[in-house]
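Novice: coords please:
(2 chains)
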Amino acid sequence: MIRNMNCEKVRSLLSAYLDRELAYHELRQVELHLMDCESCQEECRSLRATKDLLGMLDTPELPREFWPELKERINSRSMPRAYSGLLVRVLVPAAALLALAILPLTLATHTGASKGMTQAKTDLVEPYIREYIISELDRPFSDETSLGFVATGQAVSMYSSDLLEFYDPPTPSKAVTASNRTGRRTQAEAFQRVMFLSPR
Amino acid sequence: MLKKLAAVAILCLFMASFKSALQGHKTAFASTPRLPEICDVNFDDSQSAISIIEKVAEDSGNVSFKATKTVIMWHPSGTSACISNIVHKAPNLTRTEYLPSSASTRGFRTVVSDGKSTWHYEPSLKVVFHMPDVSSHLHKDNDIADGEGFNCTRDLSLIKSNYQVSLVAIETMAGRQAYVIQLEPCHPGNPSRRIWVDREYPFILKTEKYGPDGVMSSVSFYNQIEFFPLLSDALFRLDIAPDVAKVELPASGDPMPLDELETEANFLIPVPEFVPPGYVIEGGLLSVYEAFPAAHIRLTDGLNTISYFVLPGIARDSKGQDNVINISDTSGAKVLRWQEQGYEFTLVGEVDESLLVEMARTVSVAPHISGEPPQQSLSQYFARFLYQLFWFER
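Specialist: This next block holds a predicted model:
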């Protein structure tokens, strides 16, 4: 279920949005907000322009003495030998004991972590659901109105997600082609990269 | 005298033309599909119920109508509902307008199908989706070999063997008398259905779907309906503003036999050894997903579908088959996904989760299919574990 995002929240996510760092659900919410909100669209364009400008800046060459000086400074701030001895004799065993103590706890939370991971992945189920729904339409007594409602909703979700393409600089994308039994080839558009093609 | 004769002649001509028009109307009306009258309704007789659903499967598309319909769907993440205006002109012109809810000021979502293609207009996005209708349900009346798409006879035969079909009541629905027919699965773990079929025409007025646990998952019913109204063809044209973008969606193809699919896909397709009781594999389709070729295999028990997707070459994650996941989406369908040896598998269906898990458990990928299975050392395991722990808890 998509929750409405306010402008403040969307703007805080715009940078991550442009860098493609958002989770799928957040991404969709941002896109849906951008469709309706002109001021955020403007903010997005402005941020994109800034990022592009920054990307065009030359990377300055570091002076030859930079790395040796940095290393020297780091070494000069290193701990005195007395502290180093303490670290080896006390802190390392203590840390090891602590690690052993929290291991069962972390193992217990491992399931939760996996759950988080799988949740992130399951955001990409729309194309599967859509294909499944289209298959269901072939069954007798299928309710075309409710199946159509779900299938069109999935198409809209996928299309909204693909609006991200509009904010990307044009890059030569790999064309997706699929041959079929009759030799006809289907050229996939950008939108169809998230869709299933079912060539006949 | 001449005037009287002329008047009589005109009257005769008028009556003759009226009679022929009336006869023409009767002829047209005589071709409309109707359900045979069941005089002596026997609620214990499954044969009556079967004859009704056979007629519905055969002829419901030939019933023209104009109606308002409500759909409500329940699923773990919430409830979806919509009201739609539908007009259908037999045999294949349909226009559906999904009305906006009071919470949204956006325009109607309109879907028009002419039997050759479907146009889905989304005013909120200023986009129209176009999808050619090459789906096999267009060939309902044709002879189709097994494994090559919709087969009404096969599906009805499966329904008769997998479901207990019974006529349970006669009720009023949308102001019309309707037979209430229950389809109860013979095999546990499958959804059941109750349909209300108009007593005069072979047409479903209401459908209730229940999950394998017996809880209602969706209901759709006509609030009001008018059969065989006068419908202009102009109703089925979609007038789109010039600034609306057009998006071509891929056509849905017909399933092909698995060996043909494997040849076409050019990769081996591991098939589950376990198929839920009553289900048959009706064939598969070749698709493309995120630039990867994908196989979509369909199983059916006549009434329900299980979709099984196989994507080779995806290495998003190398977690094992024991990490089967389960979610529900807006359709209420369960989705199971797992990966093994570079394959990504997905099962979608409305059956009990245990059946999908059992199917997933019996999918075996031979090591030679995708090379050596990835072996993780202990240090790799812990590195991965810590990565997952801290990265995904961010």
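Novice: in the chain, where is pLDDT below threshold?
Specialist: The chain I'm using is chain A. A:1-4, A:20, A:23-25, A:59, A:77-92, A:99-124, A:160-200 (pLDDT under 70).
Novice: I was thinking of chain B, sorry if that wasn't clear
Specialist: Within chain B, the stretches with pLDDT under 70 are B:1-2, B:5-30, B:39-40, B:44, B:101-107, B:134-150, B:252, B:288-292, B:313-331, B:367-394.
Novice: residue 46: neighbour count?
Specialist: Let's take chain A. 11 (other Cβ atoms under 10 Å in any protein chain shown). For the C-beta atoms, the positions are set from N, CA and C on the backbone; glycine is no exception.
Novice: could you do chain B instead?
Specialist: So residue B:46, with other Cβ under 10 Å, has 17 neighbours.
Novice: any figure for the gap between it and residue B:78?
Specialist: 37 Å (Cβ to Cβ, to the nearest Å).
Novice: contacting residues around residue B:53?
Specialist: Residue B:53 sits next to A:140, A:141, B:156, B:159, B:165, B:181, B:183, B:195, B:197 when contact means Cβ atoms under 8 Å, 6 or more residues apart in numbering or on different chains.
Novice: what about it, which helix or strand?
Specialist: Following DSSP states H and E, one finds residue B:53 within helix B:46-59.
Novice: what's the answer for residue B:41, then?
Specialist: Applying DSSP H and E, one finds residue B:41 in no helix or strand.
Novice: could you measure from residue A:62 over to residue A:68?
Specialist: As judged by Cβ to Cβ, residue A:62 and residue A:68 stand 11 Å apart.
Novice: before we move on, back to that, wait, does the next helix or strand after the helix holding residue B:53 contact chain A?
Specialist: As assigned by DSSP H and E, the chain's next helix or strand after helix B:46-59 is strand B:65-75. Yes - among the residues of strand B:65-75, B:69, B:71, B:73 lie within reach of chain A under Cβ under 8 Å from any Cβ of the partner chain.
Novice: confirm residue A:152 sits in a helix?
Specialist: Yes - looking at residue A:152 with DSSP: H, G, I helix; E, B strand; the rest coil, it is inside a helix.
Novice: I'd guessed residue A:129 sits against residue A:150; true?
Specialist: Yes - using Cβ atoms under 8 Å, residue A:129 is in contact with residue A:150, at 7.3 Å.
Novice: quick one: contacts for the closest residue to residue B:310 other than its chain neighbours?
Specialist: Ranked by Cβ to Cβ, 6 or more residues apart in numbering or on different chains and with sequence neighbours excluded, the top spatial neighbour of residue B:310 is residue B:295, at 4.5 Å. Residue B:295 is in contact with B:261, B:262, B:265, B:267, B:269, B:284, B:285, B:286, B:287, B:309, B:310, B:311, counting by Cβ under 8 Å, 6+ apart.
Novice: among those, which ones are buried?
Specialist: Buried residues within these, counting neighbours by 16 or more other Cβ atoms under 10 Å in any protein chain shown: B:261, B:262, B:265, B:267, B:269, B:284, B:285, B:286, B:287, B:309, B:310, B:311.
Novice: can you pull the contacts of the second one?
Specialist: Applying Cβ under 8 Å, 6+ apart, we find residue B:262 in contact with B:268, B:269, B:295.
Novice: let's see it at 7 Å
Specialist: B:268, B:269 (Cβ atoms under 7 Å, 6 or more residues apart in numbering or on different chains).
Novice: where does it fall, secondary structure wise?
Specialist: helix B:258-265.
Novice: which parts of chain B belong to which domain?
Specialist: With domains defined by automatic domain parsing, chain B comprises B:2-248, B:258-391.
Novice: so which of these gets nearest residue A:93?
Specialist: domain B:258-391 (19.5 Å; Cβ to Cβ).
Novice: thinking again about what came up before, so which of the buried ones among the contacts of residue B:295 sit within strands?
Specialist: Judged by DSSP state E, strands contain the following of those: B:284, B:285, B:286, B:287, B:309, B:310, B:311.
Novice: hang on, the earlier thing: if you go by neighbour count, which of the contacts of residue B:53 are buried?
Specialist: If we count by 16+ other Cβ under 10 Å, the contacts of residue B:53 have these buried: A:140, A:141, B:156, B:159, B:165, B:181, B:183, B:195, B:197.
Novice: between the residues you listed, which is nearest residue A:22?
Specialist: Out of the buried ones among the contacts of residue B:53, the member with the shortest distance to residue A:22 (by Cβ to Cβ) is residue A:141, at 41.0 Å.
Novice: how about the closest one, what does it touch?
Specialist: B:56, B:195, B:204, B:303.
Novice: can you list the strands that the helix or strand hosting the second one pairs with?
Specialist: Element membership of residue B:195 [criterion: DSSP H and E] is strand B:192-198. Here strand B:192-198 is paired, per DSSP bridges, with strand B:176-185 (antiparallel), strand B:204-210 (antiparallel).
Novice: CA atoms only: put it into CSV for me.
Specialist: Included here for strand B:192-198 are C-alpha records, laid out as CSV according to Å, rounded to 0.1, in the frame of the first residue of the first chain:
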residue,chain,number,x,y,z
SER,B,192,-13.7,-22.5,-2.9
ARG,B,193,-16.2,-20.4,-4.8
ARG,B,194,-19.9,-19.6,-4.7
ILE,B,195,-21.5,-18.1,-7.8
TRP,B,196,-24.9,-16.6,-8.4
VAL,B,197,-26.1,-17.4,-12.0
ASP,B,198,-29.0,-15.5,-13.5
